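Colleague: Okay, sequence plus prediction incoming.
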Amino acid sequence: MFEHPPHPFRRWLRHTASVPKGFLRYNVLRLLKDKPMSGSEIMQTIETATDGRWKPSPGSIYPLLAWLQENGYTREIPTEESGMKRYTLTEKGERLFEEQVKFRERLQKKLEFLAPPIISAFWFSAHPEKLREIREHERRFVRALFSLRRTLEKNFTEQATKEVGEFLKGTSERIEELVKRIERR
C-alpha cells in the first residue's frame, strides 16, 4: 500500500497556494451547506477529509469567510461558546454554491478529457512504439476513474461507496502485484 508523500512534499501540499483557485471557496460553501461551522472547524474538516494532505491556513479561511459574509453569502449565527463564530449559508450563498457545483462539473468534464493525454505525456519510455499498444487502455482507465468519481458523487449511497471501495482496493492490489511481477523479470 502506498504511503503519504515524504515530509517536505507533504508540507508543500498543505499550503493553500498549491490548491487550485476556487477550490477553497467551493469546499467552504459545501461544508456550510451541510451545517453551520466556524473557521477552525472548516480547517479541521478539510484536513481530515484530505487525510492530512491539506489544511487551509487561517490566513486563507478567515478572509474568505469575511468576504462571504460581507457579500451576503453567509451570515454569522449565535453560539453559546464565547468567541466562537459559526457561519451558515444564506439563500444567496446557496445559489452561489449551486453555481459552483455547475462550474465544478464543467471543469471535471474538461479534466476528464485532458487527464489521459497529460498523464500519457509523463509516461516517457525508451520504447514508445511498443507502449503505444497500451496507451488507449490507459486513457480509457483514467476516463473511467473520472466518470466513476463523478457518478458516485451524484448517486451517493453507502452500498455504492462500499462497492467502489472494494473494487478500487482489488484493482490497486492487482496493479501492485503486476508491478512486482514485471520488476522480477
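Modeller: Arrived safely.

Colleague: now the strands: where do they sit in this structure?
Modeller: Counting by DSSP state E, the chain has strands at residues 74-77, 86-89.

Colleague: Of all these, which one is nearest Leu29?
Modeller: strand 86-89 (6.8 Å; CB to CB). Backbone N, C-alpha and C define where each C-beta goes, glycine included.

Colleague: follow-up on the earlier one: columns distance to His137, mean pLDDT and mean neighbour count on top of the strands of the chain, output as CSV?
Modeller: Shown next, in CSV, are the strands of the chain (distance: least, CB to CB, whole Å; pLDDT from 0 to 100; neighbours: other CB atoms under 10 Å):
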stretch, distance to His137, mean pLDDT, mean neighbour count
strand 74-77, 46, 94, 16
strand 86-89, 43, 95, 20
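
Colleague: These into CSV, with extra columns for distance to Asp34?
Modeller: What follows is these, written out as CSV (distance: least, CB to CB, whole Å):
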stretch, distance to Asp34
strand 74-77, 13
strand 86-89, 10
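
Colleague: Which residue ranges make up the domains of the chain?
Modeller: 7-89, 104-184 (automatic domain parsing).

Colleague: so which of those domains is the most packed in?
Modeller: domain 7-89 (a mean of 15; mean count of other CB atoms under 10 Å).

Colleague: between the domains of the chain, which gets the lowest average pLDDT?
Modeller: Lowest mean pLDDT within the domains of the chain: domain 104-184, at a mean of 79.

Colleague: picking that back up, minimum distance to Ala49: which of the strands of the chain has it?
Modeller: strand 86-89 (18.2 Å).

Colleague: before we move on, back to that, a markdown table for the domains of the chain, including distance to Arg95?
Modeller: Shown next, in a markdown table, are the domains of the chain (distance: least, CB to CB, whole Å):
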| stretch | distance to Arg95 |
| --- | --- |
| domain 7-89 | 9 |
| domain 104-184 | 15 |
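
Colleague: Can you say which of the ones you listed is nearest to Phe97?
Modeller: Of those, nearest to Phe97 by CB to CB is domain 7-89, at 4.2 Å.

Colleague: between the domains of the chain, which one is nearest to Leu96?
Modeller: That would be domain 7-89 among the domains of the chain, by CB to CB, at 5.3 Å.

Colleague: Nearest approach to Gly59 belongs to which of the strands of the chain?
Modeller: Nearest of the strands of the chain (CB to CB): strand 86-89, 17.3 Å.

Colleague: With just CA atoms, put that closest one into CSV.
Modeller: What follows is strand 86-89, C-alpha atoms only, in CSV (Å, rounded to 0.1, in the frame of the first residue of the first chain):
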residue,chain,number,x,y,z
ARG,A,86,-20.2,30.0,13.3
TYR,A,87,-21.4,30.7,9.8
THR,A,88,-24.3,29.4,7.7
LEU,A,89,-25.2,29.9,4.1
